[in-house]
Every structure is written in structure tokens, then in C-alpha cells.
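# structure of the sequence below:
(one chain, ligands or ions: 1)
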Amino acid sequence: MSIFRSTVWFVKGLKEYTRSGYASASKDFNPGDLDVLINDRSYMITGANSGLGKATALSLAQKGGTVHLVCRSKERGEEAKTEIVETTGNQNIHLHQLDTSKPRDIYHFAKTFEESGQSLDVLINNAGCMVNTRELTEDGLEKNFATNTLGTHILTTALIPVLSKSSKPRVIIVSSGGMLTQSLNITDLQFEKMKKFDGTVAYAQNKRQQIIMTEQYAQKYPSIHFSVMHPGWSDTPAVQSSMPQFYEKMKSRLRTVEEGADTIIWLAVAENPLKLKSGCFFQDRKVVSTHLPLAWTKSTPEQDQSLMTQLEDLSRRFQTEGAFGKS
Ligand SMILES: NC(=O)c1ccc[n+]([C@@H]2O[C@H](COP(=O)([O-])OP(=O)(O)OC[C@H]3O[C@@H](n4cnc5c(N)ncnc54)[C@H](OP(=O)(O)O)[C@@H]3O)[C@@H](O)[C@H]2O)c1
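Now for the predicted structure:
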């Protein structure tokens, strides 16, 4: 990782991504933006049992929306569902068990959801991980890539038919400002060539890929509104377990989960995001640049296309099987 980029990024982070950064940015928020009725809207959020995902699900449930919680652990999912139903009194909370690092299961889940005839207005791809050793899934996929990139790609594209039936469909991807330190590397999506595996770089690569994917989806599916966002540095189990040193140093300055989830919720329910171009990157309810100044991280259209082609090729390997049942 370039020392220049990581230094500029960290200084930016201290100013913008912290609790004080949120306090300063939120002075420009329009408080009425979130006063919307969502009783007739349906939301799906991955990784909904913890951190930002749970805070988002709770807020959407509080506003009366139908919420589909997608969680990999039945037990943790049930706990979150019970808490959300008890806190909000909203009975339209549905739990789905899905590990988003398993492509066949995602296809199976999306097909079952479509066949159930349930509607979906907003998909929030929030589940994410930073695994600090190079581990493979049972399908031989590198775990960070399988969860953050391929899982997001397959879930999003497999749910396009359901989303397309909504009058105002939206897809939100929870990326990370950490991606600003990386330029897209299309030659090693699963980090096979990385000399010494670095989970932080792998994660930032995945989050950079999510930016490109969102831009590409926006072009390919113009009837759906896509956005990708950075929640700031928020106090969640992921930060504690995956970045213990960062957590120890920064814990007093981290945002609350509610502060981190604010822009996810805004993108999911407010009218104003729909007035902005599809495919943009957001931070604190504003479109922000996907590159640091002088960072040389821009990719070419050919590189972006290559990423999408590789994702499509990999997805195809799992698609037919998933459509006809779990293996
Ligand atoms: N917190 C921050 O400062 C920060 C900053 C930038 C970006 N983000 C992004 O925000 C998102 C939410 O993270 P968080 O900070 O709220 O962390 P978190 O509390 O650990 O939540 C992560 C969620 O993702 C789920 N998940 C992970 N792998 C999964 C898989 N294979 N299948 C299904 N679900 C899976 C986790 O499930 P389990 O509970 O079963 O593990 C958990 O529910 C992530 O995409 C992260 O990259 C966070």
C-alpha cells in the first residue's frame, strides 16, 4: 500500500470518519429527509444481526417497513429478530438464513424468494468481513472475495427480476473508505499472487471492487437506483475483532452504530437520493469522490469491464446448480 495514500487517507479519516466528523457533517442534514412512510415498502438487509446491519434493520422496522433479515447464523438471526420485533412492535420482520460466501446457496435463496411472490423494494448489501489469513471457502474461493465481492454480485444480480417489479427499486452496497487506498487490481481477484497475505489490502480491494460494480450496475440496470457508501469508522464487532490495534487506539473516537448506519438508512428511505445520479459513492448523505487527490487510483473502462466479466464467468459456474437446489 502506498505510504502517501495511506497517510493522506488516515488524516482524512481522523477529520471525517470519526464521531466528530459525523457531528460536523450532520449539521448539513435535512432532518425531514427521514420522515417518510414506508409501511408499504419491503427491505432486505444482509448481515442484519450485528453492527450497522442491525441498526439499519431496527430503524427500518421502527418506521413500519417490512424487513427481511439475511443472516448466516440462525441463532444470531433469531436473537436479532426477537429484539427488533420486541423493540418496534413491527411483526413484518422475516429471517432468512444465508451465508453470502456460498454462491450456490445465494442462487437458491434468490430463486426461492422470487418464487414465494414476496415483493422487494430495497436491497442492502451490508454483510462483510476482513479475514486476516488467506482462507478458502468449501468452493475454493478466497473468503474475503467470496463474501464481499462475489456474494454481493450474485445476490444483487439474482434479485434483479424481483427488484424490477418494484415501482422505485434501490440497491445499496456498504463499501468502505478504506478502498481509497487501493487501485483496482484485476489480475489477482483472489490474492493468489500476493507475496504475504494482507487482509487489510484484500478487504480494501474488495471494497474498491464494490465501487466499480455499483457504477457498472447503474449503467446496466437503469430502472434501478444504485448507490454505494462509506459508514465512517463505527464501533462494531467487526472493527474490534479484525482490527484490534486500530480499535484500541481509536475506540473513544469511533462513531456509534446509529451514526454509521445513518447514510444507509437515508439511501434506503429518503426521496432525495433518487434525485441524484445512480451509481454514486456516498458519505454522510453526500456524494463524495471515489479517489484521493493525486492518488492515481483510477481504473480504465477496460479494467472495469474485465472485473465484471470475471465475476460473471465465476458466477456462471455456480448458477445452474443453485437454481435447481442446494448441493
Ligand atoms: N464498522 C466500520 O467502521 C465500517 C467501516 C467501513 C465499512 N464497514 C462495512 O460495514 C458492513 C457491516 O459491518 P459492521 O462493521 O457492522 O460489522 P459487524 O457488526 O461484524 O457485522 C457484519 C455482519 O456481516 C455478517 N457476515 C459476515 N460474513 C457473512 C457471510 N459470509 N454471510 C452472511 N453474513 C455475513 C456478520 O454475520 P455474523 O454475525 O454471523 O458474523 C454480521 O452480521 C461491512 O460490509 C463492513 O465492511 C464497516
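# gap between residue 218 and residue 302?
Per CB to CB, to the nearest Å, residue 218 is found 18 Å from residue 302. For the C-beta atoms, the positions are set from N, CA and C on the backbone; glycine is no exception.
# wait, residue 279 touches residue 222, no?
No - applying CB atoms under 8 Å, one finds residue 279 not in contact with residue 222, separated by 10.0 Å.
# okay, the two: which has more neighbours?
When residue 279 is set against residue 222 and neighbours are counted by other CB atoms under 10 Å, the residue ahead is residue 279, at 20 against 11.
# run through the residues that contact the more buried one.
Contact partners of residue 279, counting by CB atoms under 8 Å, 6 or more residues apart in numbering, are 214, 215, 216, 217, 218, 219, 226, 227, 228.
# got the residues of the stretch 151-300 of the chain near the ligand?
174, 176, 230, 231, 233, 234, 236, 237, 238, 239, 260 (CB under 6 Å from any ligand atom).
# identify the farthest-apart pair in those residues.
Across those, the longest distance by CB to CB is 18.5 Å; it joins 230 and 237.
# the more surrounded of these two?
residue 230 (25 against 9).
# now do the contacts for the closest residue to the more buried one other than its chain neighbours.
What sits nearest to residue 230 in space, not counting adjacent residues and going by CB to CB, 6 or more residues apart in numbering, is residue 177, at 4.1 Å. With contact set as CB under 8 Å, 6+ apart, residue 177 has these partners: 9, 12, 13, 17, 230, 232, 283.
# so for the helix or strand of the chain with the lowest mean pLDDT, what gets flagged as buried?
Lowest by mean pLDDT, DSSP states H and E among the helices and strands of the chain is helix 301-323, with a mean of 91. Judged by neighbour count using 16 or more other CB atoms under 10 Å, the buried positions of helix 301-323 are 304, 306, 307, 308, 310, 311, 314, 315, 318, 319, 322.
# export those residues to TSV and tack on distance to residue 200?
Putting those into TSV (distance: CB to CB, whole Å) gives the following:
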residue	distance to residue 200
304	23
306	24
307	20
308	25
310	22
311	22
314	23
315	26
318	28
319	31
322	31
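# how about the helices in this protein?
3-16, 19-25, 51-62, 74-88, 103-115, 143-144, 151-158, 160-163, 199-220, 237-242, 244-250, 257-269, 272-275, 301-323 (DSSP state H).
# so for residue 294, which of those sits nearest?
Among the helices of the chain, helix 3-16 comes nearest to residue 294, with 8.0 Å by CB to CB.
# quick one: that closest one to chain centroid distance?
22 Å (CA atoms, centre = their mean, to the nearest Å).
# ok, and what's touching that helix?
Helix 3-16 is touched from outside by 21, 25, 177-178, 180-181, 232-233, 253, 283-284, 292-295, 297, with contacts defined as CB under 8 Å, 6+ apart.
# now these: which count as buried?
21, 25, 177-178, 180-181, 232-233, 283-284, 292, 295, 297.
# least confident pick among those?
Lowest pLDDT among the buried ones among the contacts of helix 3-16: residue 295, with 84.
# who's in contact with that one?
2, 4, 5, 8, 180, 183.
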